[in-house]
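Trainee: take a look and give me a structure for this.
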Amino acid sequence: MAGTWTDRDRRAYSRHRDRARLPGRGLAGRAAQWLTALGLLTLLALPAQGFGERGHQIVAQLATYYLNDDARALVESLYGTNYRRLLLEDANYAQQVTRRRGNEWRLGYHYTWFREGDSGFVPAEHCPNGICSVAAVLSAEEVLADDGASRNQRMDAFRFLVHYMADLHDPVNAGFAADRGGRETELVGSDLERYSLFEIWQHELFEHLPHPPFVMANIYARQITDEQRREWEAGEPASWVWETHTVARDIAYPAVQRAGGWNSIYRREALPALEEQLKKAAVRLASRFNQVVSMQSAQGALEASPDLLEFE
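Mentor: Residues are numbered from 1 along each chain as shown. This next block holds a predicted model:
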């Protein structure tokens, strides 16, 4: 269950939201304090990528199957009719931005970490200073819903939404802070090489998907039922990131002990969970984007439907 969004939390988030708007307006001061608290040098060493390049491409492609007419028209206005191919290139744009010199503070947008014993997402604890994957999704949506946003701002916000929604559904990016999202949990593979749990979920599992991203998206689109879509579209980013954490807590981490390493036993347990997370991310990405586009043309929609852009 998502944490309660109190008046104090709402005020704190509002203070930081304008500066947290993507593509990153002036959060460096607050972010620097947070990074210092966690250990700046440690965080700078982290690869921020969630789901790996192929995972983000699958989510971006699969989401296009569920866009409504208005949302599809907006995407075509940004990319042209060949938007599916161009989305393959842009699915990892947010990662490229994070890697630019001076953007180290953006690392926190790629994940939301939890502690042992947590029972839900609590903004003040899991999203300090409005820097986490949940806030990244909300900030991108806010720019997209802004009628005054320029075409370039809208383009960047869409790229960020595509990427961060996938990050939100990556189990190790919603893993435990104690091991930095799986980076300090090691598995020995059948080849006797050592792999971090992070590497397994970003890269190695994807090596065992049978087709490239475009084809996998097509396959998943045929597998997803209307009932699954309705079920997955319910909720909001704060509840989804907690749901993702439960996948990490119940599958990604304990399967290490159950399998005894990185091997076919681990893959049999992890691959179905990975594929379901990819599907959920795509369905929810399309659903949220469809809502944001619909809100654009509605007078006073942000005031009438504040839950879309705020934590519950």
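Trainee: can you get me a residue count around residue 115?
Mentor: 10 (other CB atoms under 10 Å). Where you see a C-beta, it was placed from the backbone N, CA and C, and this is true even at glycine.
Trainee: how distant is stretch 161-177 from the center of its chain?
Mentor: Centroid separation for stretch 161-177 versus its chain: 4 Å, with CA atoms, centre = their mean, to the nearest Å.
Trainee: what about it, start to end distance?
Mentor: Across its full length, stretch 161-177 reaches 24 Å end to end, with CA to CA, to the nearest Å as the criterion.
Trainee: show residues contacting stretch 154-162.
Mentor: 22-23, 56, 59-60, 63, 74-75, 78, 87, 90-91, 93-94, 136-137, 139-141, 143-144, 149, 285, 288-289 (CB atoms under 8 Å, 6 or more residues apart in numbering).
Trainee: mind listing the helices for the stretch 1-150 of the chain?
Mentor: Counting by DSSP state H, counting those that start in this stretch, one finds helices in the stretch 1-150 of the chain at the ranges 7-20, 28-38, 40-44, 52-63, 69-79, 83-90, 93-98, 123-126, 133-145.
Trainee: got it, and the stretch 151-300 of the chain?
Mentor: 151-168, 197-199, 213-223, 226-233, 237-247, 254-259, 264-296.
Trainee: export these to JSON lines and tack on distance to residue 69, mean neighbour count and mean pLDDT?
Mentor: Listed next are these as JSON lines, based on distance: least, CB to CB, whole Å; neighbours: other CB atoms under 10 Å; pLDDT from 0 to 100:
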{"stretch": "helix 151-168", "distance to residue 69": "17", "mean neighbour count": "23", "mean pLDDT": "96"}
{"stretch": "helix 197-199", "distance to residue 69": "39", "mean neighbour count": "24", "mean pLDDT": "97"}
{"stretch": "helix 213-223", "distance to residue 69": "18", "mean neighbour count": "16", "mean pLDDT": "97"}
{"stretch": "helix 226-233", "distance to residue 69": "17", "mean neighbour count": "13", "mean pLDDT": "98"}
{"stretch": "helix 237-247", "distance to residue 69": "24", "mean neighbour count": "23", "mean pLDDT": "99"}
{"stretch": "helix 254-259", "distance to residue 69": "42", "mean neighbour count": "14", "mean pLDDT": "96"}
{"stretch": "helix 264-296", "distance to residue 69": "10", "mean neighbour count": "20", "mean pLDDT": "96"}
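Trainee: now these in a markdown table, with distance to residue 106?
Mentor: Shown next, in a markdown table, are those (distance: least, CB to CB, whole Å):
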| stretch | distance to residue 106 |
| --- | --- |
| helix 151-168 | 10 |
| helix 197-199 | 18 |
| helix 213-223 | 24 |
| helix 226-233 | 28 |
| helix 237-247 | 18 |
| helix 254-259 | 29 |
| helix 264-296 | 20 |
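Trainee: returning to that earlier point: could I have the buried ones of the contacts of stretch 154-162 as PyMOL selection syntax?
Mentor: Selection of buried members from those for PyMOL, criterion 16 or more other CB atoms under 10 Å:
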select buried, resi 22+23+56+59+60+63+74+75+78+87+90+91+93+94+136+137+139+140+141+143+144+149+285+288+289
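Trainee: compare the helices of the stretch 151-300 of the chain and give me the one nearest residue 109.
Mentor: helix 151-168 (6.4 Å; CB to CB).
Trainee: and the closest one, how far out from the chain's middle?
Mentor: 10 Å.
Trainee: again, but for stretch 246-254
Mentor: Counting by CA atoms, centre = their mean, stretch 246-254 is centred 17 Å from the centre of its parent chain.
Trainee: do stretch 85-95 as well
Mentor: The answer for stretch 85-95 is 14 Å, by CA atoms, centre = their mean.
Trainee: cool, stretch 246-263 as well?
Mentor: For stretch 246-263, the distance to the chain centre is 21 Å (CA atoms, centre = their mean).
Trainee: any idea how far apart the tips of that stretch sit?
Mentor: 22 Å.
Trainee: kindly report the same for stretch 142-149.
Mentor: 10 Å.
Trainee: equivalent analysis for stretch 188-203, please.
Mentor: Start-to-end, stretch 188-203 (CA to CA) is 15 Å.
Trainee: how about it: buried residues?
Mentor: Here stretch 188-203 shows 195, 196, 197, 198, 199, 200, 201, 202, 203 as buried, counting by 16+ other CB under 10 Å.
Trainee: stretch 106-121 too?
Mentor: In terms of neighbour count (16+ other CB under 10 Å), stretch 106-121 has its buried residues at 106, 107, 108, 109, 110, 111, 112, 113, 114, 118, 120, 121.
Trainee: of all those residues, which comes closest to residue 255?
Mentor: The closest of these to residue 255 turns out to be residue 114 (CB to CB; 17.6 Å).
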